[in-house]
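Novice: Sharing a sequence plus its predicted fold:
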Amino acid sequence: LIFRREEFGRSLLLGLFYSVFFSIMLYYLLLTPLMPWLRRHISAWACAALWLLPNLLYITMTKYMYLSEPLFILELKGGLAMTLFYVWFAGFVLVMAWKICEHLSFRRRVLRNAEEVKSELWEEVFRHICGVKSKLPPLMRSQDVTTPLTVGLSRGKMVVLLPVRSYTDEELRLVLTHEAIHIARSDSYSKFALVSIAALCWFNPLVWLAMRKSAEDIELSCDESVTFGVSADERRRYADLILGSAGDERGFTSCQFFNSSFVI
């Protein structure tokens, strides 16, 4: 601790962490039952942003969030506070290590036998959405995926993967548009932030639920962007495409999955 008084530094550190824990738990406790209603009245991207709001507020508004006096005081005798802190820290490290290893293992497996696909359509779609100066991620086909997805955290490491199946030109354009929107919005970083929140409050099942629901809203908002301004027939065709290629995500990836809210 970089404090002259070790006891003061320990108290300040523990107070900070427990304050964050309780604030996040209370926020998700209130947001979770409200989300079905919110999804009917605001966009999916706004819903996804609400799951990430505690992170944004803490980073940008910390110095304005002090109370003149605490709402309540939780006293822990002896070394119990530090013991709980060490247990929390061990859990945080283990969860982050687990998620990072899961991501790297999944990336290695799906890219092991993948073959690069040359596609002028992919370059056209990507340039239209991400700009002409953005680095074009390689487009590959892998037998180890069942749904189109983008794997990789940073722009320089991203790879867009397609399953081994046939697409019409229209279907392929929709699929590639979906992935290009994910890349343009840097959704992989949003999912990394969600994992970090879950690791921070690994003991709270509400936070794990929030992480999953937020990931769903991120995907749903991408679907909304793909179908913005299109006809009802095109929207139904896109829904059929999602139903035929839905899958689960692993690590910090983005993929298409079935969501009844979009189809309805």
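Specialist: Alright, I've got the coordinates.

Novice: where are the low-confidence patches of the chain?
Specialist: Along the chain, the parts satisfying pLDDT under 70 run over 1-20, 54-78, 81, 242-264.

Novice: quick one, helices of it?
Specialist: Ranges of helices within the chain are 6-39, 44-61, 80-112, 120-130, 169-185, 187-200, 205-226, 232-244, 260-263, based on DSSP state H.

Novice: Please convert the ones you listed to TSV, extending it with distance to residue 140 and mean neighbour count.
Specialist: C-beta coordinates here come from the backbone N, C-alpha and C atoms, glycine included. Converted to TSV, the helices of the chain look like this (distance: least, Cβ to Cβ, whole Å; neighbours: other Cβ atoms under 10 Å):
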stretch	distance to residue 140	mean neighbour count
helix 6-39	34	14
helix 44-61	27	16
helix 80-112	7	14
helix 120-130	10	16
helix 169-185	12	20
helix 187-200	17	20
helix 205-226	20	20
helix 232-244	20	15
helix 260-263	26	14
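
Novice: quick one: contacts for the nearest residue in space to residue 112 that is not next to it in sequence?
Specialist: Excluding the flanking residues, the one nearest residue 112 by Cβ to Cβ, 6 or more residues apart in numbering is residue 144, at 7.3 Å. Residue 144 sits next to 109-110, 112-114 when contact means Cβ atoms under 8 Å, 6 or more residues apart in numbering.

Novice: Which two of these have the greatest separation?
Specialist: 109 and 114 (9.9 Å; Cβ to Cβ).

Novice: Could you report the separation of the residue nearest the centre of the chain from residue 103?
Specialist: Closest to where the C-alpha atoms of the chain average out (Cα atoms, centre = their mean) is residue 191, at 2.1 Å. As judged by Cβ to Cβ, to the nearest Å, residue 191 and residue 103 stand 10 Å apart.

Novice: same check, this time on residue 163
Specialist: Relative to residue 103, and taking Cβ to Cβ, residue 163 is found at 19 Å.

Novice: How about residue 178?
Specialist: For residue 178 relative to residue 103 (Cβ to Cβ), the value is 20 Å.

Novice: Save the contacts of residue 144 as JSON lines, and put in distance to residue 174 too.
Specialist: What follows is the contacts of residue 144, written out as JSON lines (distance: Cβ to Cβ, whole Å):
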{"residue": "109", "distance to residue 174": "26"}
{"residue": "110", "distance to residue 174": "21"}
{"residue": "112", "distance to residue 174": "27"}
{"residue": "113", "distance to residue 174": "26"}
{"residue": "114", "distance to residue 174": "21"}
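
Novice: Residue 228: which of those residues is nearest?
Specialist: Nearest to residue 228 among those, counting by Cβ to Cβ, is residue 110 at 29.5 Å.

Novice: Assess the claim that that closest one and residue 150 are in contact.
Specialist: No: if you go by Cβ atoms under 8 Å, residue 110 and residue 150 don't touch, sitting 11.1 Å apart.
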